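*Asks:* below is the sequence, then the predicted model.
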Amino acid sequence: MSLIRSSRALRSFKTCSRCSITSQPRQIPSLTRIPIRSSSTVTPTSIKPYIPKSGPKAHHGPRAKITHDVKDLSTDLEGQKVVIAGWLFSQRRASENLHFFTLRSSTSSVQLVSRLKEPSQDIMSWPLESVVLVEGTVRGRKQKAKNGSSPVDEIEIELSGVTLLNPAEAVLPFYPNRPEVANEDLRAQHRYLDLRRADLAENLKVRSKVAHIIRNYLHDKDFTEVETPVLLNSSPEGAREFLVPTRSPTSTGLPAFYALPQSPQQPKQLLIASGAIPRYYQLARCFRDEDGRKDRQPEFTQIDLEMAFVDASAPPPTKDGMRSTWNIGGSQIREVIEGLVKKIWKDIKGVNLEGWFRVMPYDVAMDVYGSDKPDTRFEMYTLPIGYYPTLSDASLDKVLLDQSPSTIEYLISPAAQAQALNIRSLAQSSQFIDYVKITNDNIYTWQNDSVLTAPIGLEQDRTLPAGVKVGDVVWVSRRKKVAEGGWTHLGRLRVQIMELSVAKGLMTLPSEPHFLWITQFPLFTMADEDKAHLSKGRYASTHHPFTAPMFEDMNDLKNGKVDGVRGQHYDLVLNGQEIGGGSVRIHDVDLQEWVMKEVLQLDEQEIGRFDHLLKALRCGAPPHGGIALGFDRLIAILCGAKSIREVIAFPKSGTGIDPVFKSPSISSNDVLAEYGLTSLNKEKIEEVEGQKKDVEDDETSSP
């Protein structure tokens, strides 16, 4: 209790009637504040008096209360006095007694009309992007704003007063919301200024709305939101991690590190194993030390969820004998996610997504589209040569009986498309691709004109209509017969041709979203470049080591025939972009340990990092499964953004650098020593530290 409050309490205190002491309030001597002297003998440095710079000054003190947001203004308020605030966007002098200005808020803009000489002169002298408070009367506009479509475009504000709350610099690095957009590097360095652009501001609002929809939807489906740790232990599976050093060394004296989570995979499985949370979700922050792309950056957000008691195999046939195309377990996950996505599209885009999303096995996607995340908005197919429609029976038998591990795939570009594309340039983009131009002479013999197909000795049946037309281009490439990885060479070319065709106006993609589930991935792979540094030539899990095998392939797995084993892994693809992935998990601890030890060949130390999960499975974990959707990618698609950086408030650059906060940065030798670390280049750090000190000294000594 403070001294003042104690004094008041004592003054109001009265004794009871049986006490001999008078009941009058006790008089307390006045209290005086005793200055507290610092135990330090250091004399504080002198403080220079504040001397404001010349030019417009920021406002301090009382001001009119804001009554409306700019977006809420309309003709319904005509004749009423309002107080609004925002940024000064434009200035125009029509005459000595008439000036026009534009005030912009974070949501809209409005025209200001001033017939007052003094305020007009002041506003004309203020830098653009200054923050101002405007008092005035709503008037209907005689002429509507150009391209205006909202109620605020039908009115203007006749000024009666204006206050400069905070002036901007006379010259800014760039001016947002101008037709000429500054280059990306400059905008990234001044992101706080770039965020004033209407498009970016709207993207962040959409992001917030979608997050709200997600939370409400999953809450209504009995999911519980749980925050999981950000500081975890390093995992021997997955992409590269970020390590966080600690000041507490191990018993051996070696430095100890946390690892930032690539996903909350293990914590959420522990939550389900606990039995306390049968349905978990979280908008989870995740971290991966990977090279940046338009749909990837070092830190990102996932819509993460997990469910107990999901199916472990395909749903049973319906009463009329119909079987689902979803031939794996986890159908409950599918139902929840499709319902969530349909809710988002309805509330944000006003689009009803009817029916179930398509389902396609991985090997079909690779055979037909050359990708495990195919864009199905356009018809262009990459097919094994055995599917060529006019192969003779003898040639078809030759292809089918071929025991080699590879095959030839082909892709056809129609004549109209081929004439508009630079075929030679496209062919040079990959050394693994060959092409043949179709003429009258080779329409049935083109296969003999390619270095890839000629050695096979294929023939076409000339009694059948030709599979190509004059002017077409046939692309061919070799790939493994059993598909692996995420792309074939022609799969990448297919997307490249589509993008060029769209840019040249040769192709128009449909506006409606094309959702697609890809299932039955190989359970293990050696073709994932992101995991090569950890697997070191061993098998790696295509999804992660906790993914359950398909029930039909369980015997092959247990017998060590892992190449053909399919996992209960499912990816959700939208317009050729993977926006989420998940799986049914292994809940059998013996099978989980065997997979880690025998298939993935993890050593005892690596397996020990999963000891907590294995112990949880031993305690009676229910069958479970989950999924994580890329929140940033989803928002980027909803907003029509070219990169996820356009829907993140403060994104990293393509090289992982934060241009605003200047991270990552080096630490001094003294700081590193606290964590038991030392630099491999001490001289360089000392040089940089010296340069920093010189700059600081210059700034201190400058007037």
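*Replies:* That came through fine. Numbers count the residues shown, from 1 in each chain.

*Asks:* quick check: mean pLDDT of the helix or strand that contains Val162?
*Replies:* According to DSSP states H and E, Val162 maps onto strand 155-166. For strand 155-166, mean pLDDT is 96.

*Asks:* what's the answer for stretch 192-202, then?
*Replies:* Regarding stretch 192-202, the rounded mean pLDDT is 94.

*Asks:* so which bits of the helix or strand Tyr280 falls within are buried?
*Replies:* Assigned by DSSP H and E, Tyr280 falls within strand 279-287. Within strand 279-287, the residues that count as buried by 16 or more other C-beta atoms under 10 Å are Arg279, Tyr280, Tyr281, Gln282, Ala284, Arg285, Cys286, Phe287. Every C-beta, even on glycine, is put in place using the N, C-alpha and C of the backbone.

*Asks:* how about the second one: which residues does it bridge to?
*Replies:* The one in question is Tyr280. Beta bridges link Tyr280 to Thr224, Glu306 when assigned by DSSP bridges.

*Asks:* that one reaches Leu305, doesn't it?
*Replies:* Yes. Contact criterion C-beta atoms under 8 Å: Tyr280 and Leu305 qualify, at 6.3 Å.

*Asks:* tell me the contacts of the closest residue in space to Met507 that isn't next to it in sequence?
*Replies:* With C-beta to C-beta, 6 or more residues apart in numbering as the criterion, Met507 has its nearest non-adjacent residue at 4.0 Å, and that residue is Ser501. With contact taken as C-beta atoms under 8 Å, 6 or more residues apart in numbering, Ser501 is in contact with Gln417, Ala420, Leu421, Met507.

*Asks:* tally of neighbours for Val502?
*Replies:* Look at Val502: counted by other C-beta atoms under 10 Å, it has 13 neighbours.

*Asks:* one more: Gln431?
*Replies:* For Gln431, the count of nearby residues is 8 (other C-beta under 10 Å).

*Asks:* picking that back up, format the contacts of Ser501 as TSV; extra columns: pLDDT and secondary structure.
*Replies:* Formatted as TSV, the contacts of Ser501 follow (pLDDT from 0 to 100; DSSP: H, G, I helix; E, B strand; the rest coil):
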residue	pLDDT	secondary structure
Gln417	94	helix
Ala420	92	helix
Leu421	92	coil
Met507	93	coil
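
*Asks:* looking at those residues, which one is closest to Glu683?
*Replies:* Leu421 (53.6 Å; C-beta to C-beta).

*Asks:* where does the nearest residue to the closest one once chain neighbours are set aside sit: helix, strand or coil?
*Replies:* Nearest residue to Leu421, sequence neighbours excluded (C-beta to C-beta, 6+ apart): Leu500, at 5.9 Å. Judged by DSSP: H, G, I helix; E, B strand; the rest coil, the three-state class of Leu500 is helix.

*Asks:* likewise Gln403?
*Replies:* The three-state assignment at Gln403 reads coil, by three-state DSSP.

*Asks:* give me phi/psi at it?
*Replies:* Backbone torsions of Gln403, given as degrees, to the nearest 10, read phi -100, psi 0.

*Asks:* that one and Asp461: what is the separation?
*Replies:* As defined by C-beta to C-beta, to the nearest Å, Gln403 lies at a distance of 24 Å from Asp461.
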